[in-house]
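Chemist: 3D model of this:
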Amino acid sequence: MQGKVVAITGANRGIGAAAAREFAAAGARVALLVRDPDRVGDMAAALPGARVFACDVADWAQVQAAVAGVVDWGGQLDVLVNNAGTIDPIAAVGDVDPAAFAAAVAANLTGTLHGMRAAIPVMRARRRGTILNLSSGAAVNPLEGWGAYCASKAGAAMLTRVAHVEEAEQGLRILGLSPGTVATDMQTRIRQSGVNQVSRLSPAAHIPAEWAARALVWMCSPAADPWLGRDLSLREAGIRRAVGLPE
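Modeler: Purely as a prediction, here's the structure:
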């Protein structure tokens with residue numbers, strides 16, 4: 001990753017923050033795209049050469065401006081990690097607030113589109129670049145109370161597939177990561193809800209965010225090419241072995 005420019009949405013916590021540290025350790029110049037830049041000062045200072053950009057992924061104008069800012073700052077964009085997302089609202093389809101449902105779609109699905117729409121023309125012009133979309137097992141498995149999350153993640157997974165069909169011949173690498181359950185603030189929210197079996201998992205069952213971060217860096221290498229256009233799952237022992245994680 002030496003000399004590469006990597007932009008990460010939702011980089012202030014969880015997988016996004018861990019990915020920022022992992023990419024920086026690998027030699028990349030990291031752009032932290034966050035809704036509230038004031039909350040990442042110490043973190044950014046700890047990453048050599050990192051830059052913070054204000055970005056609400058649900059707002060197309062902000063995403064467009066942030067990606068343009070990254071290119072102006074770094075001179076290029078080699079990797080985009082579409083990480084920002086939300087588990088809320090946790091509610092049955094028959095009870096959910098439609099406005100809250102729409103907000104989840106705006107973050108998880110439309111936000112992924114915004115990142116890809118801003119990054120693809122930049123990468124296409126150089127005929128190279130990698131886009132990594134954070135996916136979930138919820139994209140293919142229905143879970144009680146997670147209608148908004150399951151539906152929006154399923155849509156984002158299909159965007160990964162469509163974009164690969166459209167852009168692979170332009171030299172772009174587009175794929176997704178389904179990390180399984182990860183020890184982040186999102187799991188705290190899930191546990192507090194008490195809804196479906198995921199909320200009842202032992203905290204020991206969740207992998208550390210650093211494992212997902214290491215996988216994201218590995219996915220930028222040709223070793224991940226067999227998964228282009230698909231979601232790579234860290235639940236698979238063979239993939240964890242390839243990444244260098246405990247099986």
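
Chemist: How many neighbouring residues does Val5 have?
Modeler: 22 (other CB atoms under 10 Å). (Glycine included, C-beta is placed from N, CA and C.)

Chemist: show me the contacts for His206.
Modeler: If you count contacts by CB atoms under 8 Å, 6 or more residues apart in numbering, His206 has them with 180-183, 187.

Chemist: repeat that for 7 Å
Modeler: 181-183, 187 (CB atoms under 7 Å, 6 or more residues apart in numbering).

Chemist: okay if I get the residues you listed as TSV plus pLDDT?
Modeler: Putting the contacts of His206 into TSV (pLDDT from 0 to 100) gives the following:
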residue	pLDDT
Thr181	88
Val182	90
Ala183	84
Gln187	89
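
Chemist: Please tell me which one of those residues counts the most neighbours.
Modeler: Ranking the contacts of His206 using other CB under 10 Å puts Val182 first, with 21 neighbours.

Chemist: Isn't that one up against Ala209?
Modeler: Yes. Using CB atoms under 7 Å, Val182 is in contact with Ala209, at 5.5 Å.

Chemist: which neighbours do those two share?
Modeler: What both Val182 and Ala209 touch, as defined by CB under 7 Å, 6+ apart, is the set Ile15.

Chemist: So Ala7 is in contact with Ala31, correct?
Modeler: Yes. Counting by CB under 7 Å, Ala31 is a contact partner of Ala7 at 4.3 Å.

Chemist: can you list residues touching both of the two?
Modeler: Val70.

Chemist: Flag the helix or strand of the chain with the lowest per-element mean pLDDT.
Modeler: Every helix and strand of the chain was ranked by mean pLDDT, DSSP states H and E. The lowest is helix 41-45, at a mean of 83.

Chemist: buried stuff in that helix?
Modeler: Using 16 or more other CB atoms under 10 Å as the test for burial, helix 41-45 gives 43-44.

Chemist: With stretch 148-167 instead?
Modeler: Within stretch 148-167, the residues that count as buried by 16+ other CB under 10 Å are 148-157, 159-161, 163-164, 167.

Chemist: Check the offset of that stretch from the chain's centre.
Modeler: 12 Å (CA atoms, centre = their mean, to the nearest Å).

Chemist: Just the C-alpha atoms of that stretch, please, in PDB.
Modeler: Provided in PDB are the C-alpha atoms of stretch 148-167 (Å, rounded to 0.1, in the frame of the first residue of the first chain):
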ATOM      1  CA  ALA A 148     -34.200  -2.100   7.100                       C
ATOM      2  CA  TYR A 149     -30.700  -3.500   7.600                       C
ATOM      3  CA  CYS A 150     -31.300  -6.700   5.700                       C
ATOM      4  CA  ALA A 151     -33.000  -5.000   2.700                       C
ATOM      5  CA  SER A 152     -30.400  -2.200   2.400                       C
ATOM      6  CA  LYS A 153     -27.400  -4.500   2.700                       C
ATOM      7  CA  ALA A 154     -29.000  -6.800   0.100                       C
ATOM      8  CA  GLY A 155     -29.300  -3.900  -2.200                       C
ATOM      9  CA  ALA A 156     -25.700  -2.800  -1.600                       C
ATOM     10  CA  ALA A 157     -24.500  -6.400  -2.300                       C
ATOM     11  CA  MET A 158     -26.300  -6.200  -5.700                       C
ATOM     12  CA  LEU A 159     -24.700  -2.900  -6.400                       C
ATOM     13  CA  THR A 160     -21.300  -4.500  -5.900                       C
ATOM     14  CA  ARG A 161     -22.200  -7.200  -8.500                       C
ATOM     15  CA  VAL A 162     -23.600  -4.700 -11.000                       C
ATOM     16  CA  ALA A 163     -20.600  -2.300 -10.700                       C
ATOM     17  CA  HIS A 164     -18.200  -5.200 -11.200                       C
ATOM     18  CA  VAL A 165     -20.000  -6.200 -14.400                       C
ATOM     19  CA  GLU A 166     -19.900  -2.600 -15.600                       C
ATOM     20  CA  GLU A 167     -16.400  -1.600 -14.600                       C
END
